[in-house]
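Trainee: Make a model of this:
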Amino acid sequence: MSINKLCRVLYPTRLLFKKKKWVLICSGLEWIVAIVIPIPQIGSSAKSCDALLPNLILNVYILITIIIMPCVIMVLIHVIIFLYTWRSAKRVAPTANTQETQATYRMALNDREKSLLKHMIFMLIVYVISWVPLYIAKIFVPKTSTLYSTVKTLNALPIVGGWINIVDMLVYHHEVRQFVQMHVIRWTRRDHL
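Mentor: Have a look, this model is predicted:
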């Protein structure tokens with residue numbers, strides 16, 4: 001969905017990026033990538049080899065494809081979005097040229113930019129904290145270890161991270177909030193009739 005957001009920010013006048021068709025294309029591409037990436041894991045699980053080195057290599061591969069690559073892509077896309085909005089805000093000047101108006105205008109933009117940057121950093125931290133400990137533990141704690149049962153409790157972190165993402169979508173994205181409110185109101189009215 002970050003690619004969808006990037007295209008909507010960089011090309012706001014293009015109608016393709018505003019249509020549901022584009023959202024479906026982005027979602028479809030994400031699903032294709034999500035299906036292709038775990039193929040080595042599925043293949044190695046079928047062999048059920050217990051050798052330490054292949055499992056280590058597989059777990060490092062999983063860490064790279066599930067944590068590192070998405071984080072790098074997310075950071076790049078969010079940096080591009082932030083720089084684009086920051087530069088475009090700097091190009092727009094207030095109509096009155098008084099110093100007081102310019103200072104107020106500049107301060108308001110700085111607050112908005114800081115808020116956007118804080119939100120991006122928060123979401124990246126939530127993603128990293130909810131996924132990294134689980135996959136790091138899978139690399140360094142063997143399945144035969146007594147610590148492996150405690151590693152299984154780390155499976156709750158991605159669930160908590162998912163809930164934080166859902167709440168974030170409802171709090172920070174007014175379009176999503178309006179969409180959910182509209183459907184909840186429609187659903188509750190239908191049940192009361």
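Trainee: my guess is Phe82 meets Ser115, correct?
Mentor: No. The criterion here is C-beta atoms under 8 Å, and Phe82 misses it with Ser115 at 11.2 Å. Every C-beta, even on glycine, is put in place using the N, C-alpha and C of the backbone.
Trainee: More neighbours: which of these two?
Mentor: Using other C-beta atoms under 10 Å, the more surrounded residue of Phe82 and Ser115 is Phe82, with 15 against 11.
Trainee: Show me what counts as buried in the helix or strand encompassing the more buried one.
Mentor: Using DSSP states H and E, Phe82 sits within helix 69-91. Across helix 69-91, burial judged by 16 or more other C-beta atoms under 10 Å covers 70, 74, 77-78, 81.
Trainee: Can I get it as CSV, trimmed to CA atoms?
Mentor: Extracted C-alpha coordinates of helix 69-91, given in CSV (Å, rounded to 0.1, in the frame of the first residue of the first chain):
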residue,chain,number,x,y,z
MET,A,69,13.7,-5.7,2.6
PRO,A,70,10.3,-4.4,3.6
CYS,A,71,11.9,-2.0,6.1
VAL,A,72,14.2,-0.6,3.4
ILE,A,73,11.4,-0.3,0.9
MET,A,74,9.1,1.4,3.5
VAL,A,75,11.9,3.8,4.5
LEU,A,76,12.7,4.7,0.9
ILE,A,77,9.1,5.3,0.0
HIS,A,78,8.3,7.3,3.1
VAL,A,79,11.5,9.4,2.7
ILE,A,80,10.5,10.1,-0.9
ILE,A,81,7.0,11.1,0.2
PHE,A,82,8.3,13.3,3.0
LEU,A,83,10.9,15.1,0.8
TYR,A,84,8.3,15.6,-1.9
THR,A,85,5.7,17.1,0.5
TRP,A,86,8.5,19.2,2.2
ARG,A,87,9.7,20.6,-1.1
SER,A,88,6.3,21.3,-2.4
ALA,A,89,5.4,23.1,0.8
LYS,A,90,8.5,25.2,0.6
ARG,A,91,7.6,26.2,-3.0
